[in-house]
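Asker: curious how this folds, go ahead:
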Amino acid sequence: MLLARSEIIAGIDIGTTKVCTLIAEISEQGKPTILGVGSHPSKGIRKGVVVDIASTVLAIQESVRQAQKQAGCEASTFYVGVTGEHIASLNSNGRIPITNPNREITAADVEKILEAARVIVLPPDRQILHAIPRTYTIDGQEGIRNPAGMSGTRLEVQCHIVTGATTFLQNVRKCVTNAGYRVQELVLEPLATSLSVLLPEEKELGVCLVDIGGGTTDLAVFVEGDIYYSAVIPIGGTHVTSDVAYGLTVALEEAERLKTQSGTALLEQVSAEEIILVKQMGRDDMRRLRRMALASIIEPRMQELFELVKEELEKADCWGKIPAGIVVSGGGSQLEGCAEVAEQATGVAIRIGCPRPVGGIGETLTHPSYATGVGLINYGAQQFKPTDEPVVPPTQSFASPSGIQKWIADWLKRIGF
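Answerer: Below is the predicted model of the structure:
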């Protein structure tokens, strides 16, 4: 039997509007149970890029403190989500001959071909964030998922390569390090989010994930179960808030309240009789305003966002590869009318994606704003590999003289000598 074993893993989602930390326990079977969650407003990130290290460090520390207090345990190493306009992706191929005398493909061969796929020409200011194998080919036979142990003379791989700006990634690491913690791995946020909101059947059929954050919208396309394309659109929920603040002459805090409490992305859903109360700058009293005025500000920005999504998919030749449609997640997906305006702009089926339940308090983290955080925990659970060896009960060993002598002494005692 295996020794009972658990391990603590944690994830930090450093967003434009908040830093969210989740701490989980991983069972010996690799299943996560979320023990604690913490969240703190973030003002040091803009469009996925660190603009104020000190502010971001404080937000990380407070978020982690809350999560550790609820979890009743400490975490020192974190999977950290990254996004931003600097993120780019491409698909790369690798090819190697199999030189083993028996032509069997080993784990070393798989590692070697992944390294071959990573050999791409990059500017000196960029680095590889992920190299994700999509499919392998052995001697012309395509569609191989795991080639280790199979036989062949030539092995090929198709890899999805995600890159980022080195300085931006270093700044994210620096924030976590300055907060007193260590980065286990930087993880592309839409890749993490997909692990919490997409169904395996959707990934296999072909689906696009659109994760609307505060400063950016992450996009990832999955084909035949694997990631095929990823990109970042520099528009998010804060842009909608800014539009409302400018259009109604209100403070950003009031604009955010109006957006979340009374906002809608679809003007046709609002009747002319609906009235909202607005606190404008420089006035103490609340002003009465038709809700249609608010909707007329929000709808164009949301239409623009999903039109950009469609353009991005068409530019990447992915439009015909998503028969399962688009799954919209993130805090921005909770805006009333979001699914309807997305369907109007793209013409495909739309589903709002919420995190699938995870053990522990993860059962309650079903709001789309937790999708990336839960996804980081799921990503960490996938990396978990039990290392405990089976516990063998003590037995009499005949491999040494002392073992033989003890066995003889016990036998003589049993027969009366």
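
Asker: all helices for the protein, in order.
Answerer: In the chain, the helices defined using DSSP state H lie at 53-71, 107-117, 166-178, 189-197, 200-205, 237-248, 252-262, 291-315, 338-346, 371-383, 401-414.

Asker: contacting residues for residue 54?
Answerer: Going by CB atoms under 8 Å, 6 or more residues apart in numbering, residue 54 touches residue 44. Quick note: C-beta positions are derived from backbone N, CA and C, even for glycine.

Asker: equivalent analysis for residue 11, please.
Answerer: Going by CB under 8 Å, 6+ apart, the list of residues near residue 11 reads 21-22, 78-81, 187, 192, 373, 375-377, 379-380.

Asker: which residues touch residue 145?
Answerer: Neighbours of residue 145 in contact, by CB under 8 Å, 6+ apart: 135-136.

Asker: can you tell me, leaving aside adjacent residues, what's nearest to residue 235?
Answerer: residue 305 (5.1 Å; CB to CB, 6 or more residues apart in numbering).

Asker: what is the burial count for the nearest residue in space to residue 30 that is not next to it in sequence?
Answerer: Excluding its sequence neighbours, the residue lying closest to residue 30 (CB to CB, 6+ apart) is residue 384, at 4.9 Å. Neighbour count of residue 384, defined by other CB atoms under 10 Å: 16.

Asker: from residue 79, how far out is residue 384?
Answerer: Noted for residue 384: a distance of 11 Å to residue 79, by CB to CB, to the nearest Å.

Asker: now the common contact residues for the two.
Answerer: In contact with both residue 384 and residue 79: residue 9, using CB under 8 Å, 6+ apart.

Asker: isn't residue 255 right up against residue 237?
Answerer: No: assessed by CB atoms under 8 Å, residue 255 is found out of contact with residue 237, at 11.0 Å.

Asker: the more surrounded of the two?
Answerer: Neighbour totals were compared for residue 255 and residue 237, and residue 237 leads with 28 against 25 (other CB under 10 Å).

Asker: so what's the residue count around the nearest residue to residue 346 once chain neighbours are set aside?
Answerer: Using CB to CB, 6+ apart and skipping residues adjacent in sequence, the residue nearest residue 346 is residue 310, 4.9 Å away. Residues within reach of residue 310, counting by other CB under 10 Å, total 17.

Asker: same question, residue 72
Answerer: Residue 72 has 9 nearby residues by other CB under 10 Å.

Asker: residue contacts, it?
Answerer: 35-36.

Asker: per-residue pLDDT of it, please?
Answerer: Predicted confidence (pLDDT) for residue 72: 94.

Asker: got phi/psi on it?
Answerer: Note on residue 72: its backbone torsions stand at phi 70, psi 20 [degrees, to the nearest 10].

Asker: is it correct that residue 334 is in contact with residue 366?
Answerer: No: at 11.6 Å, residue 334 does not count as touching residue 366 under the criterion of CB under 8 Å.

Asker: now render the helices of the chain as JSON lines, adding distance to residue 99.
Answerer: Below are the helices of the chain laid out as JSON lines (distance: least, CB to CB, whole Å):
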{"stretch": "helix 53-71", "distance to residue 99": "47"}
{"stretch": "helix 107-117", "distance to residue 99": "9"}
{"stretch": "helix 166-178", "distance to residue 99": "35"}
{"stretch": "helix 189-197", "distance to residue 99": "33"}
{"stretch": "helix 200-205", "distance to residue 99": "34"}
{"stretch": "helix 237-248", "distance to residue 99": "53"}
{"stretch": "helix 252-262", "distance to residue 99": "61"}
{"stretch": "helix 291-315", "distance to residue 99": "41"}
{"stretch": "helix 338-346", "distance to residue 99": "49"}
{"stretch": "helix 371-383", "distance to residue 99": "30"}
{"stretch": "helix 401-414", "distance to residue 99": "43"}
